[in-house]
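Student: The following block contains a protein sequence and its predicted model.
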Amino acid sequence: MGKIKVTSCEIEGLYVIEPTVFPDSRGYFMETYNQNDFKEAGLTMNFVQDNQSMSVKGVLRGLHFQKQFPQGKLVRAVRGTVFDVAVDLRADSKTYGKWFGVELSAENKKQFYIPEGFAHGFLVLSDEAEFAYKCTDFYHPGDEGGILWSDPEIGIEWPISEGMELTISDKDQKWSGIRDTFKF
């Protein structure tokens, strides 16, 4: 029980992970993380911290990373729907500055793995969303970095619907573009 489907993305190191769901008349059961299944799929990261956030429609969080203590993140929407994005900041990568986005929802149950060396952010598409993160390193408040979510050099195609009002923290509105940011 608990096998997963792992799909590689266009950017090396990013994976969309779909757990096996066992529905019945009572609802469903699924394993969201099983170290043996991940190892069998070639995913050997070690998680040390779990986080969860709740946001309302139009909230855009990111694009975040930690500089000296980078975190890999396994993320999913526990409730609602988000558009989740990773941007490659690995200096020697052939996809440096490229982005990949995926819709994560309570309904599709997809998870997204973003390794160290990427900036991460998401936009809430549903009225509310609860978002869970498994992280490979602890949060270090003084180590934060970020990239402006709307940097034209990256060109993220956020699915901002007509009439959607964005809510972005002051911090996230002040990040500079990728040209002026940290590289791993």
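Tutor: Noted; the coordinates are in hand. Treat the numbers as computed from the prediction; the structure is a model and nothing was measured.
Student: going forward, measure contacts and count neighbours with C-alpha atoms only.
Tutor: Fine.
Student: On the three-state scheme, residue 171 is what?
Tutor: Classification of residue 171 using DSSP: H, G, I helix; E, B strand; the rest coil returns helix.
Student: and the gap between it and residue 24?
Tutor: The gap separating residue 171 from residue 24 is 45 Å, by C-alpha to C-alpha, to the nearest Å.
Student: The two: which has the busier surroundings?
Tutor: residue 171 (11 against 8; other C-alpha atoms under 10 Å).
Student: pLDDT score for that one?
Tutor: Looking at residue 171, its pLDDT stands at 95.
Student: How about the one 10 residues further on?
Tutor: Residue 181 is assigned a pLDDT of 85 by the prediction.
Student: Contacts only, for the closest residue to it other than its chain neighbours.
Tutor: Spatial nearest neighbour of residue 181, chain neighbours left out: residue 147 (6.8 Å); criterion: C-alpha to C-alpha, 6 or more residues apart in numbering. Contacts here follow C-alpha atoms under 8 Å, 6 or more residues apart in numbering; on that basis residue 147 touches 62, 63, 64, 119, 172, 175, 176, 177, 178, 181.
Student: Who does the fourth one form a beta bridge with?
Tutor: What it means is residue 119. Counting by DSSP bridges, residue 119 is bridged to residue 87.
Student: who's in contact with it?
Tutor: So residue 119 contacts 62, 63, 64, 65, 86, 87, 88, 89, 146, 147 (C-alpha under 8 Å, 6+ apart).
Student: wait, which of those residues is closest to residue 161?
Tutor: residue 62 (18.6 Å; C-alpha to C-alpha).
Student: Now name the helix or strand holding residue 83.
Tutor: Residue 83 belongs to strand 81-88 when assigned by DSSP states H and E.
Student: Give me the helices and strands touching that strand, please.
Tutor: Judged by 3 or more C-alpha pairs under 8 Å, 6 or more residues apart in numbering; DSSP states H and E, strand 81-88 is in contact with strand 99-105, strand 118-124, strand 128-135.
Student: again, 10 Å this time
Tutor: Where contact means 3 or more C-alpha pairs under 10 Å, 6 or more residues apart in numbering; DSSP states H and E, strand 81-88 is packed against strand 60-66, strand 73-79, strand 99-105, strand 111-114, strand 118-124, strand 128-135.
Student: Just the buried positions in that strand, please.
Tutor: If you call a residue buried by 16 or more other C-alpha atoms under 10 Å, then strand 81-88 has these buried ones: 81, 82, 83, 84, 85, 86, 87, 88.
Student: same thing with stretch 149-162?
Tutor: 149, 150, 154, 156.
Student: which intervals of this structure have sub-threshold pLDDT?
Tutor: Per-residue confidence of the chain (counting by pLDDT under 70) places the weak regions at 1-2.
Student: Please tell me how far the residue nearest to residue 181 sits from residue 122.
Tutor: Counting by C-alpha to C-alpha, the gap from residue 147 to residue 122 is 13 Å.
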